[in-house]
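Student: Any chance you could fold what I've pasted below:
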Amino acid sequence: MTDKYTKVAILLHWLIGFSIIALLIVGLVMSEEDLLPMNLRFAAFQLHKSLGITVLILSVFRLIWRLTHTPPALPEGMNTFEILAAKATHIGFYILMLGLPLTGWIIVSTSARDIPTIWFGLFQWPHLPILVGDPSRGDFSKSIGEVHESLAWIAIALIILHVGAALKHQFINKDNLLSRMIPFIKPSQK
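Tutor: Next up is the predicted model:
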(Lines give C-alpha, C1' and ligand atoms only; values in the text may rest on other atoms or scores of the structure.)
Protein backbone atom coordinates (compact mmCIF):
# COMPACT_ATOMS: atom_id res chain seq x y z
CA MET A 1 0.00 0.00 0.00
CA THR A 2 1.26 3.45 -0.90
CA ASP A 3 1.56 6.40 1.47
CA LYS A 4 0.64 8.95 -1.26
CA TYR A 5 -2.39 9.49 -3.41
CA THR A 6 -2.07 8.95 -7.16
CA LYS A 7 -1.46 11.97 -9.38
CA VAL A 8 -4.97 11.59 -10.79
CA ALA A 9 -6.51 11.55 -7.29
CA ILE A 10 -4.47 14.63 -6.31
CA LEU A 11 -5.46 16.49 -9.47
CA LEU A 12 -9.15 15.64 -9.01
CA HIS A 13 -9.02 16.60 -5.31
CA TRP A 14 -7.71 20.09 -6.05
CA LEU A 15 -9.78 20.72 -9.20
CA ILE A 16 -12.98 19.73 -7.43
CA GLY A 17 -11.98 21.42 -4.17
CA PHE A 18 -11.18 24.79 -5.74
CA SER A 19 -14.25 24.55 -7.99
CA ILE A 20 -16.49 23.92 -4.98
CA ILE A 21 -14.98 26.87 -3.12
CA ALA A 22 -15.54 29.05 -6.21
CA LEU A 23 -19.11 27.73 -6.47
CA LEU A 24 -19.80 28.61 -2.85
CA ILE A 25 -18.38 32.12 -3.24
CA VAL A 26 -20.26 32.78 -6.49
CA GLY A 27 -23.41 31.26 -4.99
CA LEU A 28 -23.25 33.56 -1.97
CA VAL A 29 -22.58 36.64 -4.12
CA MET A 30 -25.29 35.91 -6.71
CA SER A 31 -27.91 35.24 -4.04
CA GLU A 32 -27.57 38.83 -2.82
CA GLU A 33 -29.74 40.65 -5.34
CA ASP A 34 -28.42 44.12 -4.45
CA LEU A 35 -24.75 43.12 -4.78
CA LEU A 36 -24.54 42.81 -8.56
CA PRO A 37 -26.21 44.56 -11.49
CA MET A 38 -28.51 42.30 -13.50
CA ASN A 39 -26.02 41.59 -16.33
CA LEU A 40 -23.29 40.53 -13.88
CA ARG A 41 -25.79 38.54 -11.84
CA PHE A 42 -26.83 36.65 -14.98
CA ALA A 43 -23.14 35.98 -15.78
CA ALA A 44 -22.59 34.81 -12.18
CA PHE A 45 -25.52 32.36 -12.48
CA GLN A 46 -24.11 30.99 -15.74
CA LEU A 47 -20.64 30.62 -14.18
CA HIS A 48 -22.18 28.93 -11.13
CA LYS A 49 -24.10 26.49 -13.32
CA SER A 50 -21.06 25.77 -15.51
CA LEU A 51 -18.85 25.11 -12.49
CA GLY A 52 -21.57 22.91 -10.97
CA ILE A 53 -21.79 20.75 -14.09
CA THR A 54 -18.00 20.50 -14.13
CA VAL A 55 -17.94 19.43 -10.48
CA LEU A 56 -20.60 16.80 -11.19
CA ILE A 57 -18.64 15.32 -14.11
CA LEU A 58 -15.31 15.41 -12.23
CA SER A 59 -16.95 13.93 -9.12
CA VAL A 60 -18.36 10.98 -11.04
CA PHE A 61 -14.89 10.38 -12.46
CA ARG A 62 -13.36 10.79 -8.99
CA LEU A 63 -15.81 8.32 -7.45
CA ILE A 64 -14.97 5.77 -10.15
CA TRP A 65 -11.26 6.42 -9.57
CA ARG A 66 -11.68 6.01 -5.82
CA LEU A 67 -13.56 2.73 -6.20
CA THR A 68 -10.88 1.31 -8.50
CA HIS A 69 -7.75 2.61 -6.72
CA THR A 70 -6.84 1.97 -3.08
CA PRO A 71 -6.13 5.18 -1.17
CA PRO A 72 -3.28 5.45 1.32
CA ALA A 73 -3.94 4.13 4.81
CA LEU A 74 -4.93 6.61 7.47
CA PRO A 75 -2.01 7.84 9.59
CA GLU A 76 -0.97 5.62 12.45
CA GLY A 77 -2.01 6.69 15.90
CA MET A 78 -5.49 7.91 14.96
CA ASN A 79 -8.06 7.02 17.60
CA THR A 80 -11.42 5.44 16.81
CA PHE A 81 -13.26 8.78 16.85
CA GLU A 82 -10.77 10.34 14.40
CA ILE A 83 -11.03 7.34 12.06
CA LEU A 84 -14.85 7.47 12.10
CA ALA A 85 -14.82 11.25 11.64
CA ALA A 86 -12.42 10.98 8.69
CA LYS A 87 -14.51 8.29 7.00
CA ALA A 88 -17.79 10.14 7.65
CA THR A 89 -16.32 13.39 6.32
CA HIS A 90 -15.14 11.72 3.11
CA ILE A 91 -18.52 10.03 2.59
CA GLY A 92 -20.18 13.39 3.26
CA PHE A 93 -17.97 15.04 0.64
CA TYR A 94 -18.90 12.45 -1.98
CA ILE A 95 -22.60 12.94 -1.19
CA LEU A 96 -22.18 16.72 -1.47
CA MET A 97 -19.99 16.55 -4.61
CA LEU A 98 -22.83 14.72 -6.33
CA GLY A 99 -25.84 16.10 -4.43
CA LEU A 100 -25.09 19.80 -4.80
CA PRO A 101 -24.70 19.74 -8.60
CA LEU A 102 -27.67 17.39 -9.01
CA THR A 103 -29.95 19.59 -6.91
CA GLY A 104 -28.69 22.61 -8.87
CA TRP A 105 -29.48 20.84 -12.13
CA ILE A 106 -32.95 20.00 -10.82
CA ILE A 107 -33.49 23.67 -9.86
CA VAL A 108 -32.54 24.84 -13.33
CA SER A 109 -34.60 22.11 -15.01
CA THR A 110 -37.74 22.93 -13.00
CA SER A 111 -37.44 26.70 -12.84
CA ALA A 112 -40.42 28.62 -14.18
CA ARG A 113 -37.91 31.02 -15.79
CA ASP A 114 -36.62 28.24 -18.09
CA ILE A 115 -33.23 29.90 -18.62
CA PRO A 116 -30.82 27.64 -20.51
CA THR A 117 -27.43 26.71 -19.09
CA ILE A 118 -24.60 27.61 -21.44
CA TRP A 119 -21.54 25.69 -20.24
CA PHE A 120 -18.77 28.32 -20.06
CA GLY A 121 -20.33 29.99 -23.12
CA LEU A 122 -19.55 26.99 -25.33
CA PHE A 123 -22.72 24.90 -25.62
CA GLN A 124 -26.14 24.49 -24.06
CA TRP A 125 -26.37 21.91 -21.28
CA PRO A 126 -29.76 20.16 -21.36
CA HIS A 127 -32.36 20.30 -18.64
CA LEU A 128 -33.31 17.01 -17.00
CA PRO A 129 -36.02 15.86 -19.47
CA ILE A 130 -38.27 14.09 -16.95
CA LEU A 131 -38.68 17.34 -15.00
CA VAL A 132 -39.40 19.73 -17.86
CA GLY A 133 -43.00 20.67 -18.65
CA ASP A 134 -44.53 20.00 -15.23
CA PRO A 135 -46.88 22.91 -14.35
CA SER A 136 -46.04 22.61 -10.63
CA ARG A 137 -42.30 22.77 -11.32
CA GLY A 138 -41.90 26.33 -9.97
CA ASP A 139 -42.89 25.26 -6.44
CA PHE A 140 -40.74 22.15 -6.73
CA SER A 141 -37.81 24.28 -7.87
CA LYS A 142 -38.13 26.48 -4.78
CA SER A 143 -38.21 23.45 -2.47
CA ILE A 144 -35.14 21.94 -4.12
CA GLY A 145 -33.52 25.38 -3.89
CA GLU A 146 -33.84 25.20 -0.11
CA VAL A 147 -32.25 21.73 -0.11
CA HIS A 148 -29.45 23.04 -2.37
CA GLU A 149 -28.78 25.97 -0.05
CA SER A 150 -28.74 23.71 3.03
CA LEU A 151 -26.27 21.37 1.32
CA ALA A 152 -24.06 24.38 0.51
CA TRP A 153 -23.92 25.37 4.19
CA ILE A 154 -23.11 21.77 5.12
CA ALA A 155 -20.33 21.84 2.51
CA ILE A 156 -18.87 24.99 4.09
CA ALA A 157 -18.88 23.30 7.50
CA LEU A 158 -17.25 20.14 6.10
CA ILE A 159 -14.58 22.15 4.29
CA ILE A 160 -13.69 23.95 7.52
CA LEU A 161 -13.58 20.62 9.37
CA HIS A 162 -11.49 19.00 6.60
CA VAL A 163 -8.95 21.83 6.43
CA GLY A 164 -8.75 22.03 10.23
CA ALA A 165 -8.16 18.29 10.54
CA ALA A 166 -5.49 18.33 7.81
CA LEU A 167 -3.66 21.20 9.52
CA LYS A 168 -3.91 19.45 12.90
CA HIS A 169 -2.41 16.29 11.45
CA GLN A 170 0.39 18.19 9.74
CA PHE A 171 1.41 20.61 12.50
CA ILE A 172 0.28 19.03 15.78
CA ASN A 173 0.42 15.29 15.05
CA LYS A 174 3.31 15.79 12.59
CA ASP A 175 2.27 12.72 10.61
CA ASN A 176 2.98 14.20 7.13
CA LEU A 177 -0.66 14.04 6.08
CA LEU A 178 -0.44 17.07 3.79
CA SER A 179 2.53 15.65 1.89
CA ARG A 180 0.22 12.91 0.59
CA MET A 181 -2.10 15.39 -1.14
CA ILE A 182 0.13 18.42 -1.83
CA PRO A 183 2.81 17.40 -4.31
CA PHE A 184 5.41 20.04 -3.39
CA ILE A 185 5.41 19.24 0.35
CA LYS A 186 8.05 16.66 1.12
CA PRO A 187 7.45 14.32 4.06
CA SER A 188 9.63 15.08 7.05
CA GLN A 189 11.92 12.40 8.39
CA LYS A 190 10.73 10.87 11.65
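
Student: need the helices for the protein, in chain order.
Tutor: For the chain, helices defined by DSSP state H occupy the ranges 7-30, 38-68, 80-110, 137-171.

Student: Out of these, the one nearest Thr117 is which?
Tutor: helix 38-68 (4.5 Å; CB to CB). C-beta: built from backbone N, CA, C; applies to glycine.

Student: Quick check: buried residues in the worst-scoring helix or strand of the chain on mean pLDDT?
Tutor: Least confident element among the helices and strands of the chain, by mean pLDDT, DSSP states H and E: helix 137-171 (a mean of 89). By neighbour count on 16 or more other CB atoms under 10 Å, the buried set for helix 137-171 is 137, 140-141, 144-145, 148, 151-152, 155, 158-159, 162, 165, 169-170.

Student: what's the answer for stretch 101-109, then?
Tutor: Across stretch 101-109, burial judged by 16+ other CB under 10 Å covers 101-109.

Student: what's the closest of the buried residues of helix 137-171 to Ile20?
Tutor: Closest to Ile20, out of all of those and judged by CB to CB, is Ala155, at 6.5 Å.

Student: What sits closest to that closest one if chain neighbours are left out?
Tutor: Leu96 (4.9 Å; CB to CB, 6 or more residues apart in numbering).

Student: likewise Ile106?
Tutor: The spatially closest residue to Ile106, leaving aside those adjacent along the chain, is Ile144, at 4.9 Å (CB to CB, 6+ apart).
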